[in-house]
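In: Next one to model:
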Amino acid sequence: MPGNDFIESQALTSAMSQFVAEQQIQDVGGMYPCLKIDQGGIKPLGSRHRYPLYEVSLTFDGRRWIQENHTTGKRIVLRYPWEILARSQLADLRFDDQREAIEHANPLRAKRANKD
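Out: Numbering: from 1, shown residues only. Below you'll find the model as predicted:
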């Protein structure tokens, strides 16, 4: 639905998640940063989700994207690609909180995903 930032962000996230799964791309978890580009300029689209297990968000503070689990207090400031390459010790830093919350809320979906 054009013009609705939340729906546009969720549609892109859904498409990216499906592509990553189909191509069996290894990732570090987390939510996908999304930018909306239109006649008004560039706008970061954050998101916040509440599940029975966790409340998670992805926000932009004007300089960096931040993933947060508001239930546990876990907070990860996303790095720029050139910072990741320079810091191999960050390879094990994951943010699977949203995936865990979705699987907890819908165990049948998790079972279907594990079969693929």
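
In: so what's residue 66 bridging to?
Out: Applying DSSP bridges to residue 66 gives these bridge partners: residue 59, residue 77.

In: Surely it touches residue 74?
Out: No. Look at residue 66 against residue 74 with CB atoms under 8 Å: they stay out of range, at 11.0 Å. All C-beta spots, glycine's among them, are computed from the backbone N, C-alpha and C.

In: For the two, list the residues in contact with both.
Out: With contacts defined as CB atoms under 8 Å, 6 or more residues apart in numbering, no residue is shared by residue 66 and residue 74.

In: Tell me the buried residues in the helix or strand hosting residue 16?
Out: Element membership for residue 16 (DSSP states H and E) is helix 5-22. The neighbour-count criterion (16 or more other CB atoms under 10 Å) identifies 9-10, 13 as the buried residues of helix 5-22.

In: Just name the closest of those residues to residue 42, please.
Out: Proximity of these to residue 42 (CB to CB) peaks at residue 9, which lies at 14.0 Å.

In: Disregarding flanking residues, what is the spatial nearest neighbour of that closest one?
Out: Once flanking residues are discounted, residue 9 sits nearest to residue 45: 4.2 Å by CB to CB, 6 or more residues apart in numbering.

In: if I look at the one you found, how far off is residue 71?
Out: Applying CB to CB, to the nearest Å, the value for residue 45 to residue 71 is 22 Å.

In: Also residue 18?
Out: Remark: distance between residue 18 and residue 71 (CB to CB) = 27 Å.

In: gap between residue 106 and residue 79?
Out: Remark: distance between residue 106 and residue 79 (CB to CB) = 31 Å.

In: got the contact list for residue 68?
Out: For residue 68, the contacting residues are 56-59, 74-76, by CB under 8 Å, 6+ apart.

In: got it, and residue 53?
Out: By CB under 8 Å, 6+ apart, the residues touching residue 53 are 71, 100-101, 104-105.
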